[in-house]
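Trainee: predicted coordinates and the sequence they were generated for:
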Protein chains: 2
Amino acid sequence: MLRPVFGHRGAEMVALMERVAPRLRRLFRTERPVYVSTSSATGLMEAAIRNCANRRVLSLICGAFSERFFHIARACGKEADRLDVDLGMSNEPDKVAEALAREDYDAVTVVHSETSTGVLNPVAEITAAVHKASPGTLVLVDCVTSLASAPVEVDEWALDFALTGSQKGLALPPGLALGVASERAYERSKQMPGRGLYFSFEALEKAVLNNQTANTPAVSLLFTLDAQLERIEAEGLEARWARHQAMAERTWSWVDELRGRLGLDLRVLAAAGRRSPSVTCVALPEGLNGVAITRRMREHGYTIASGYSKLKERTFRIGHMGDHTIEELDQLLEVLGSVIEELAKE
Amino acid sequence: MLRPVFGHRGAEMVALMERVAPRLRRLFRTERPVYVSTSSATGLMEAAIRNCANRRVLSLICGAFSERFFHIARACGKEADRLDVDLGMSNEPDKVAEALAREDYDAVTVVHSETSTGVLNPVAEITAAVHKASPGTLVLVDCVTSLASAPVEVDEWALDFALTGSQKGLALPPGLALGVASERAYERSKQMPGRGLYFSFEALEKAVLNNQTANTPAVSLLFTLDAQLERIEAEGLEARWARHQAMAERTWSWVDELRGRLGLDLRVLAAAGRRSPSVTCVALPEGLNGVAITRRMREHGYTIASGYSKLKERTFRIGHMGDHTIEELDQLLEVLGSVIEELAKE
């Protein structure tokens, strides 16, 4: 009786966090403690801003999710500048260095794998360029659809904050977010005025160092996280990255084949060399509509996504991440090819 | 395939929120939309501060949870004053009115049922006193262990923000928080600088009005919430309040009986007339230790809580909330009486 009222800080939770904490460090490739937040990933984007930026932020924008980082910075009362590229293009280190030469920034925000366009930004190179151009500027990275899907090396790349949610690359139900701050980001956060309590790095870090969570979490999700981290380690992180890369390459060559076979100008939106291994955004020719394709696929029992925001009708997106296999992907692509062929004839 | 990647804004979610939203309005006794936040209740305490207070806050403090509201206000960069009472005492309208006569406040924070001491604050009277003394001051109320356990009348009492978490009075797993803002609190929030995005009333309100949630939630929890709200309505909210009141009164008379039978100065910490129907904090005489009692109870398979923070050893707490019945409570009290008798003899 009464367990739910007082239960979440007990011995069972400590034992669970003792298992989860080192697994999370290995997943993020870091020696720093990984924070466990009772929120979605958007909550930790706000944490990044509130803990790391006092005055001014530069937001690298290449789609809807990187734009969200910009809006959060503004909503938190920071001055924020945006550095945009055309949709389908990536943010590049040289442009970032130029922007840093023009203005002082506390922090730069960047999305590693931009889910709305399927672009993978060169985060390692961008971070190196930022730290070289302006050693005091922190780099805050949304790894929501890259972590556990593509190489993310928090310590080696010297990322100042890297975050993800539970339901993308980790393939868990939503409701938890994970993040890790560099030592210097953590030190800066301790002095940051108005950072609040809920998303305070200090509260999040102290909790995890005590094998606790800062705020009462969905406990069942933590158990599921533990089991999933065990599975990821059983597969091997590098093998998991390779599986994602193989699924992505299969998808890209399918687009090329389909273009040839149907004589339709379908193409992968993101440029070669800057494509995410987690999600492919396919640009459609005049006369084909992403929403119609998505709807027809749903009738066949498959979930793909129409384009995001401005790209809603002109693109569709195929997610190939988490625990999906190349066999499942092949099945989906076969049906999808038929659907597009049908719709092109209508 | 790929459902987890794009799933949470679909038709199923809309249908679920269409069922949940009116039930939540009936639970909070309000015509206003009830916000669903992917956070613990502490997150919505921070939301209350960030959306409602620009400059200065008065925090009514009668224990550890009301003190947390004060710390959050400070952490969010607000000036905050504290109005303390002795542990076991309640905050009272006359003292609050006096404080408002001395200083201008954007908002007053108060905890309805203070879980650390078992005190139930007279929130209706406090709110009326605040609005009379200072019509521009908003009243922000933590209803974590009162909502669904004790009468909470958001509209009738004119509360400006009322919040709860999923795992106390609602007896659900943790991971969701719920809150409702008055029309004027909502209007003020829209102008509030630096309020952020994750806990923005505007984002939370727009989402629920579209039968969505502002941030990706633990979807399974939403289904459980729906089922639990249906159960609460089947029991009847007034009947639920009466059940809690009956469990509380049984606990209080058990304390009196035990004092008489054992000749030990056990007493209910909170004063009569100001006791929470959800949780009773029992003050112990010299020689009895709350931690020892809690540990011995655990050996018997029962979970009670030792005192909170400063009261850790001098008190213990019995939770009688959620779906517990008077029969379960009687069973617990019988074992608890024997345990205290044993420990008093040791």
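Mentor: That came through fine.
Trainee: contacts, neighbours, all on C-alpha from now
Mentor: Will do.
Trainee: which residues in the stretch 1-150 of chain A form strands?
Mentor: A:35-37, A:56-61, A:79-84, A:107-111, A:113-114, A:119-120, A:138-142 (DSSP state E, counting those that start in this stretch).
Trainee: these: which one's closest to chain B?
Mentor: Proximity to chain B, assessed across these by CA to the nearest CA, is greatest for strand A:35-37 (8.5 Å).
Trainee: mind listing residues that contact the closest one?
Mentor: A:44, A:176-180, A:199, A:204-205, A:208, A:213-215, A:217 (CA atoms under 8 Å, 6 or more residues apart in numbering or on different chains).
Trainee: and the residues you listed, which of them are in helices?
Mentor: Those of the contacts of strand A:35-37 mapping onto helices are A:44, A:204-205, A:208, per DSSP state H.
Trainee: show me what contacts the residue nearest the centre of chain A?
Mentor: Of all residues in chain A, the one closest to the mean position by CA atoms, centre = their mean is residue A:144, 1.8 Å from it. By CA under 8 Å, 6+ apart, the contact list for residue A:144 reads A:41, A:112-113, A:163-165, A:168-169.
Trainee: could you find the closest non-adjacent residue to residue A:148?
Mentor: Closest residue to residue A:148 apart from its sequence neighbours, by CA to CA, 6 or more residues apart in numbering or on different chains: residue A:169 at 5.4 Å.
Trainee: if I look at the closest residue to residue A:61 other than its chain neighbours, what pLDDT would I see?
Mentor: Using CA to CA, 6+ apart and skipping the chain neighbours, the partner closest in space to residue A:61 is residue A:84 (4.7 Å). You'll see residue A:84 listed with a pLDDT of 98.
Trainee: cool, and the one 3 residues further on?
Mentor: In this prediction, residue A:87 carries a pLDDT score of 94.
Trainee: contacting residues around it?
Mentor: A:62-63, A:117.
Trainee: just curious, which of those is nearest to chain B?
Mentor: In terms of CA to the nearest CA, no member of those lies closer to chain B than residue A:117, at 14.2 Å.
Trainee: and the pLDDT for the closest one?
Mentor: Per the predicted model, pLDDT is 96 at residue A:117.
Trainee: wait, it touches residue A:86, no?
Mentor: No: counting by CA atoms under 8 Å, residue A:117 sits too far from residue A:86 to count as a contact (10.3 Å).
Trainee: now do the shared contacts for these two.
Mentor: residue A:62.
Trainee: neighbour count: these two, which is higher?
Mentor: Using other CA atoms under 10 Å in any protein chain shown as the criterion, residue A:117 and residue A:86 rank with residue A:117 on top: 31 against 10.
Trainee: number of nearby residues for the nearest residue in space to residue A:64 that is not next to it in sequence?
Mentor: For residue A:64, ignoring the flanking residues on the chain, the nearest one in space by CA to CA, 6+ apart is residue A:116 at 6.0 Å. The number of residues packed near residue A:116 is 27, by other CA under 10 Å.
Trainee: residues in contact with residue A:116?
Mentor: Residue A:116 touches A:63-65, A:281, A:307-308, counting by CA under 8 Å, 6+ apart.
Trainee: among the residues you listed, which are in helices?
Mentor: A:64-65.
Trainee: farthest-separated two in the contacts of residue A:116?
Mentor: Farthest-apart pair in the contacts of residue A:116 is A:65 and A:281; separation 14.1 Å (CA to CA).
Trainee: give me the more crowded residue out of the two.
Mentor: More neighbours surround residue A:281 than the other of residue A:65 and residue A:281, with 28 against 21 (other CA under 10 Å).
Trainee: chain A: helices as residue ranges?
Mentor: A:3-6, A:11-28, A:41-52, A:64-75, A:93-102, A:123-133, A:154-157, A:183-190, A:201-209, A:219-235, A:237-262, A:290-299, A:326-345.
Trainee: give me the residues contacting the fourth one.
Mentor: Looking back up the chat, that one is helix A:64-75. A:45-46, A:49, A:57-61, A:79-82, A:109-111, A:114-116, A:308-309, B:193-197.
Trainee: would you list the buried entries among these?
Mentor: Buried residues within those, defined by neighbour count using 16 or more other CA atoms under 10 Å in any protein chain shown: A:45-46, A:49, A:57-61, A:79-82, A:109-111, A:114-116, A:308, B:193-197.
Trainee: write out the residues of the stretch 51-200 of chain A neighbouring chain B.
Mentor: Applying CA under 8 Å from any CA of the partner chain, we find that the stretch 51-200 of chain A lies next to chain B at A:71-78, A:167-168, A:171-175, A:193-198.
Trainee: near the nearest residue to residue A:199 once chain neighbours are set aside, how many other residues are there?
Mentor: For residue A:199, ignoring the flanking residues on the chain, the nearest one in space by CA to CA, 6+ apart is residue A:47 at 5.1 Å. Neighbours of residue A:47 under the rule other CA under 10 Å: 27.
Trainee: now the one 5 residues further on
Mentor: Residue A:52 is surrounded by 31 other residues when neighbours are defined as other CA under 10 Å.
Trainee: just the pLDDT for the nearest residue to it once chain neighbours are set aside.
Mentor: Nearest residue to residue A:52 in three dimensions, chain neighbours excluded: residue A:189, at 5.7 Å (CA to CA, 6+ apart). Looking at residue A:189, its pLDDT reads 98.
Trainee: residue A:189 against residue A:54, yeah?
Mentor: No: counting by CA under 8 Å, residue A:189 sits too far from residue A:54 to count as a contact (9.4 Å).
Trainee: about what we covered before: which residues touch the residue nearest to residue A:52?
Mentor: A:51-52, A:195, A:200-202.
Trainee: among these, which pair sits farthest apart?
Mentor: Across these, the longest distance by CA to CA is 12.0 Å; it joins A:52 and A:202.
Trainee: hang on, the earlier thing: mind putting the strands of the stretch 1-150 of chain A into JSON lines with distance to residue B:243?
Mentor: JSON lines is the format used below for the strands of the stretch 1-150 of chain A (distance: least, CA to CA, whole Å):
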{"stretch": "strand A:35-37", "distance to residue B:243": "35"}
{"stretch": "strand A:56-61", "distance to residue B:243": "53"}
{"stretch": "strand A:79-84", "distance to residue B:243": "53"}
{"stretch": "strand A:107-111", "distance to residue B:243": "51"}
{"stretch": "strand A:113-114", "distance to residue B:243": "52"}
{"stretch": "strand A:119-120", "distance to residue B:243": "57"}
{"stretch": "strand A:138-142", "distance to residue B:243": "48"}
